[in-house]
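Visitor: Any chance you could fold what I've pasted below:
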Amino acid sequence: MAKIIFFLFLFAHNPIAHASLFFSPQEVTTILAARMQNKQKSDDCLECNGVFFQNQKTWSVWIQGKKLTAHCPQCRDQTIKILSVDQSYIRVEWLYKGERHLVTLQPNQFYNATLKKVIKTQ
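Guide: The predicted model follows:
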């Protein structure tokens, strides 16, 4: 029993502790790199974090981690205007560096203004 506890202690404090029983070292590196890339979105990205839709007058969306509602579709950020909301997507007008972008996003997607492309995060 003491050997097992010692092994677990060493494994938990070892820098190789991020090794996986399911993925190869290369796959672990790829997964960690993708996670870091998702966390490092630049200011030229607009991300839809979620959509809550009951009807056209009662909805909430989360963009860039901020909640916008049907009562105030652009209160917090004057560069983002919600044009329409459905159960699974939103239409957004985004003013970025003087250029108007009309974008349709689903939850867990972001739009990169430089690439002019919608990218799924999960």
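
Visitor: Flag every buried residue along the helix or strand hosting Trp59.
Guide: Using DSSP states H and E, Trp59 maps to strand 58-63. By 16 or more other CB atoms under 10 Å, the buried positions in strand 58-63 come out as 59, 61-63. Every C-beta, even on glycine, is put in place using the N, C-alpha and C of the backbone.

Visitor: again with stretch 93-110
Guide: Quick answer for stretch 93-110 (16+ other CB under 10 Å): 94, 96, 103, 105, 107, 109-110.

Visitor: May I ask which two of these are separated the most?
Guide: Tyr96 and Pro107 (20.7 Å; CB to CB).

Visitor: separation between Thr30 and Gly50?
Guide: 26 Å (CB to CB, to the nearest Å).

Visitor: Given the longest strand anywhere in the chain, what are its sheet partners and their directions?
Guide: Once the chain is assigned using DSSP state E, the strand that runs over the most residues is strand 45-55. Using DSSP bridges, the strands paired with strand 45-55 are strand 58-63 (antiparallel), strand 109-112 (antiparallel).

Visitor: on that earlier part again, who touches the strand holding Trp59?
Guide: 46-53, 67-70, 77, 80, 82, 85, 90, 92 (CB atoms under 8 Å, 6 or more residues apart in numbering).
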